[in-house]
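A.B. asks: how would this look folded up:
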Amino acid sequence: MSRTFRIILKPEPEGGYTVIVPSLPGCETWGESIEEAKAMAKEAIDLYVEDLEAEGEEVPNDSENLEISITVA
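C.D. replies: Numbering: from 1, shown residues only. Below you'll find the model as predicted:
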(Lines give C-alpha, C1' and ligand atoms only; values in the text may rest on other atoms or scores of the structure.)
Protein backbone atom coordinates (compact mmCIF):
# COMPACT_ATOMS: atom_id res chain seq x y z
CA MET A 1 0.00 0.00 0.00
CA SER A 2 1.27 3.42 -0.95
CA ARG A 3 0.88 6.36 1.44
CA THR A 4 1.90 9.99 1.18
CA PHE A 5 3.48 11.92 4.03
CA ARG A 6 4.41 15.59 4.08
CA ILE A 7 7.88 16.30 5.46
CA ILE A 8 9.50 19.55 6.49
CA LEU A 9 13.25 19.97 5.99
CA LYS A 10 14.72 22.55 8.35
CA PRO A 11 18.30 23.68 7.58
CA GLU A 12 20.48 23.61 10.70
CA PRO A 13 23.10 26.32 11.44
CA GLU A 14 25.85 23.71 11.86
CA GLY A 15 24.87 22.03 8.58
CA GLY A 16 22.48 19.34 7.53
CA TYR A 17 18.72 19.19 7.81
CA THR A 18 16.30 18.23 10.54
CA VAL A 19 13.27 16.42 9.10
CA ILE A 20 9.84 16.65 10.72
CA VAL A 21 6.82 14.56 9.71
CA PRO A 22 3.86 16.65 10.96
CA SER A 23 1.19 13.95 10.67
CA LEU A 24 3.29 11.51 12.75
CA PRO A 25 3.89 13.19 16.13
CA GLY A 26 7.45 12.77 17.33
CA CYS A 27 8.66 11.39 13.99
CA GLU A 28 11.84 13.39 13.38
CA THR A 29 15.23 12.58 11.90
CA TRP A 30 18.29 14.27 10.42
CA GLY A 31 20.51 14.10 7.34
CA GLU A 32 23.65 15.85 6.11
CA SER A 33 22.15 16.58 2.68
CA ILE A 34 18.63 16.89 1.31
CA GLU A 35 18.96 13.46 -0.30
CA GLU A 36 20.15 11.84 2.93
CA ALA A 37 17.46 13.65 4.95
CA LYS A 38 14.77 12.30 2.60
CA ALA A 39 16.18 8.76 2.85
CA MET A 40 16.29 9.00 6.65
CA ALA A 41 12.71 10.33 6.64
CA LYS A 42 11.53 7.33 4.62
CA GLU A 43 13.19 4.96 7.09
CA ALA A 44 11.72 6.79 10.11
CA ILE A 45 8.25 6.82 8.53
CA ASP A 46 8.45 3.09 7.71
CA LEU A 47 9.31 2.26 11.33
CA TYR A 48 6.63 4.58 12.71
CA VAL A 49 3.96 3.08 10.43
CA GLU A 50 5.04 -0.47 11.41
CA ASP A 51 4.47 0.45 15.07
CA LEU A 52 1.06 1.99 14.35
CA GLU A 53 -0.03 -1.10 12.40
CA ALA A 54 1.25 -3.44 15.12
CA GLU A 55 -0.85 -1.52 17.67
CA GLY A 56 -3.90 -1.60 15.38
CA GLU A 57 -3.96 2.18 15.12
CA GLU A 58 -4.99 4.21 12.09
CA VAL A 59 -2.15 5.31 9.79
CA PRO A 60 -2.46 8.90 8.52
CA ASN A 61 -2.18 9.68 4.81
CA ASP A 62 -1.41 13.19 3.56
CA SER A 63 -2.33 12.49 -0.08
CA GLU A 64 -5.49 14.64 0.06
CA ASN A 65 -3.99 17.52 2.07
CA LEU A 66 -3.16 20.87 0.50
CA GLU A 67 -0.27 22.98 1.67
CA ILE A 68 0.18 26.64 0.89
CA SER A 69 2.89 29.00 2.09
CA ILE A 70 2.01 32.64 2.71
CA THR A 71 4.58 35.41 3.10
CA VAL A 72 3.55 38.30 5.33
CA ALA A 73 5.55 41.52 5.23
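A.B. asks: Work out which residue lies at the spatial centre of the chain.
C.D. replies: Most central in the chain under CA atoms, centre = their mean is V21, positioned 2.8 Å from the mean C-alpha point.
A.B. asks: residues in contact with that residue?
C.D. replies: Contacts here follow CB atoms under 8 Å, 6 or more residues apart in numbering; on that basis V21 touches 5-8, 27-28, 41, 44-45, 48. For the C-beta atoms, the positions are set from N, CA and C on the backbone; glycine is no exception.
A.B. asks: Farthest-apart pair in those, please.
C.D. replies: I8 and Y48 (15.3 Å; CB to CB).
A.B. asks: of those two, who's got more company?
C.D. replies: Y48 (19 against 13; other CB atoms under 10 Å).
A.B. asks: thinking the more buried one is in contact with C27, fair?
C.D. replies: Yes - Y48 lies in contact with C27 (CB atoms under 8 Å); the separation is 4.8 Å.
A.B. asks: circling back: I'd like to know which of the contacts of V21 are part of helices.
C.D. replies: 41, 44-45, 48 (DSSP state H).
A.B. asks: neighbour-wise, which of those leads?
C.D. replies: Sorting these by how many neighbours each has (other CB under 10 Å) puts A41 first, at 23 neighbours.
A.B. asks: give the contact list for that one.
C.D. replies: 5, 7, 19, 21, 29, 31.
A.B. asks: same thing but at 7 Å, please
C.D. replies: 7, 19, 21, 29 (CB atoms under 7 Å, 6 or more residues apart in numbering).
A.B. asks: Would you convert these into a markdown table that also reports distance to T71 and pLDDT?
C.D. replies: Shown next, in a markdown table, are these (distance: CB to CB, whole Å; pLDDT from 0 to 100):
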| residue | distance to T71 | pLDDT |
| --- | --- | --- |
| I7 | 21 | 96 |
| V19 | 23 | 98 |
| V21 | 24 | 97 |
| T29 | 28 | 98 |
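A.B. asks: Farthest pair within the residues you listed?
C.D. replies: So, the contacts of A41 by CB to CB: farthest apart are I7 and T29, at 9.3 Å.
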